[in-house]
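1. Give me a 3D structure for the following:
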Amino acid sequence: MLLSKVWELYETDKMLEGYSKNTLDSYRLQHRLFTEHHGDVDINDVTYEDIKAYLAKDAKRLKPASVAFRMKYFRSLWRYAVDEGIVTENPASRLRDPKLPKRIPKYMDQEEIEMLRIACKTTMENALLEVFFASGCRIGEIYSANKNIVNWADKSMTIIGKGDKERTVFFDTRCAIWLRKYLNERDDNDIALFVTERRYKANGNQPRRMSKDGMRWTLNRIAKRAGIDSVYPHRLRHSFAMHMLKNGAPLEVIQQFLGHANLDTTRIYADHNTEMRRELYRKYF
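-> Below is the predicted model of the structure:
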């Protein structure tokens, strides 16, 4: 069976299984790149050496994480092909992930967060900043959020995270005040939690759902006024996690709030929290 046909079957089945659209889009790109390089051949004709050679050709210019992601595509597609009886052997199972460097999360301390708050000039800016910092959400989770997900009674939101997994996140009183004020000031009928400041003629002179780039641009605009470099949604997510950790929250709790599937992903915050390690040393030595 040709690689293109295997992909069609794979994509259909994974959509029915509820795979994330972002994951499938990324795998589709990897599939196109591989077939452009290797040709739309029968999947049984693709060997371990073929896959390894393809990965090796760009290994020098790609980050280890990018190479590891390409490997995930190969493993997923060939595992599916084996399960469906399309192939009897899985050459991708022999792939070994490259060693990934431990990344130190870039977060902001309380003083920097306060500087950002002071630099906000509009209700929307205040609301957007507070939602990201208070909830610890990913940008995609806030982008897809609608107004009706907000539970004002217990200051929570039910969002859809990675892999279309649903989870509840919470926000504090400060966030509730700014978010309610922002929503009350809006005069549009858009269901999105955040909309553009600009109105569009093609949209009936109404705003649109704020894009991910729009959110990044807004946070950068605030950061420039505050004199802080490189403020982006994921840095606020890191700041949320470190803030909770310093206040004594167990890693398992932080894991649930962040929506991490693996505790090891959350543990990176503890590994790089020098202040917490210093206090533990003083306590136990």
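2. ok, how many other residues are close to residue 92?
-> Using other Cβ atoms under 10 Å, residue 92 has 21 other residues around it. For the C-beta atoms, the positions are set from N, CA and C on the backbone; glycine is no exception.
3. ok, which stretches of the stretch 101-250 of the chain are helices?
-> For the stretch 101-250 of the chain, the helices defined by DSSP state H, counting those that start in this stretch cover 110-119, 123-135, 139-143, 173-185, 212-226, 233-246.
4. The second one packs against which elements?
-> The criterion is 3 or more Cβ pairs under 8 Å, 6 or more residues apart in numbering; DSSP states H and E, and the helices and strands that helix 123-135 contacts are helix 110-119, helix 139-143, strand 166-170, helix 173-185, helix 212-226, helix 233-246.
5. Any chance of TSV for those, columns distance to residue 5, mean neighbour count and mean pLDDT?
-> As requested, those are exported to TSV (distance: least, Cβ to Cβ, whole Å; neighbours: other Cβ atoms under 10 Å; pLDDT from 0 to 100):
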stretch	distance to residue 5	mean neighbour count	mean pLDDT
helix 110-119	51	15	92
helix 139-143	31	19	91
strand 166-170	34	15	87
helix 173-185	48	16	95
helix 212-226	33	16	93
helix 233-246	37	21	83
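6. Identify the spatial nearest neighbour of the most centrally placed residue in the chain, chain neighbours not counted.
-> In the chain, the residue lying closest to the centroid (Cα atoms, centre = their mean) is residue 138, at 4.9 Å. Counting by Cβ to Cβ, 6 or more residues apart in numbering, the nearest residue to residue 138 once its immediate chain neighbours are dropped is residue 237, at 6.5 Å.
7. For that neighbour, list the residues it contacts.
-> 132, 136, 137, 138, 258 (Cβ atoms under 8 Å, 6 or more residues apart in numbering).
8. so which helix or strand takes in residue 35?
-> For residue 35, the element it lies in under DSSP states H and E is helix 21-38.
9. who does the helix or strand following that helix touch, helix- and strand-wise?
-> Beyond helix 21-38 in the direction of the C-terminus, DSSP H and E gives the next helix or strand as helix 48-57. Where contact means 3+ Cβ pairs under 8 Å, 6+ apart, helix 48-57 is packed against helix 21-38, helix 64-83.
10. Pick the most deeply packed of those.
-> Of all the helices and strands packed on helix 48-57, helix 64-83 carries the top mean neighbour count, a mean of 17, counting by mean count of other Cβ atoms under 10 Å.
11. Contacts for that helix next, please.
-> By Cβ under 8 Å, 6+ apart, the surrounding residues in contact with helix 64-83 are 6-7, 9-10, 13-14, 26-27, 30-31, 34, 43, 51, 55, 58-59, 87-93, 95, 97-101.
12. That one: how far from the chain's middle?
-> 19 Å (Cα atoms, centre = their mean, to the nearest Å).
13. With stretch 204-219 instead?
-> A distance of 18 Å separates the centroid of the chain from that of stretch 204-219, by Cα atoms, centre = their mean.
14. The nearest residue to residue 120 once chain neighbours are set aside: neighbouring residues, count only.
-> Spatial nearest neighbour of residue 120, chain neighbours left out: residue 126 (4.5 Å); criterion: Cβ to Cβ, 6+ apart. A count of nearby residues for residue 126, using other Cβ under 10 Å, gives 21.
15. residues in contact with residue 126?
-> Contacts of residue 126 (Cβ under 8 Å, 6+ apart): 117, 120, 178, 181, 182.
16. Could you measure from it over to residue 183?
-> To residue 183, residue 126 is 12 Å away according to Cβ to Cβ, to the nearest Å.
17. Which residue ranges make up each domain of the protein?
-> By the assignment in automatic domain parsing, the chain contains the domains 3-94, 110-284.
18. Now the weakest link among those, please, by mean pLDDT.
-> For the domains of the chain, mean pLDDT drops lowest on domain 110-284, to a mean of 84.
19. Go through the contacts of residue 126 and say which is closest to residue 228.
-> residue 117 (11.5 Å; Cβ to Cβ).
20. The residue nearest to the closest one when sequence neighbours are not counted: neighbouring residues, count only.
-> Of all residues not flanking residue 117 in the chain, residue 129 sits nearest, at 6.8 Å (Cβ to Cβ, 6+ apart). Using other Cβ under 10 Å, the number of residues around residue 129 comes to 23.
21. How far away from the center of its chain is stretch 106-113?
-> 20 Å.
22. what's that stretch in contact with?
-> 116, 133, 226, 228, 230-231, 235-236, 238-239, 241-243.
23. If anything else comes up later, I'll come back, but that's it for now.
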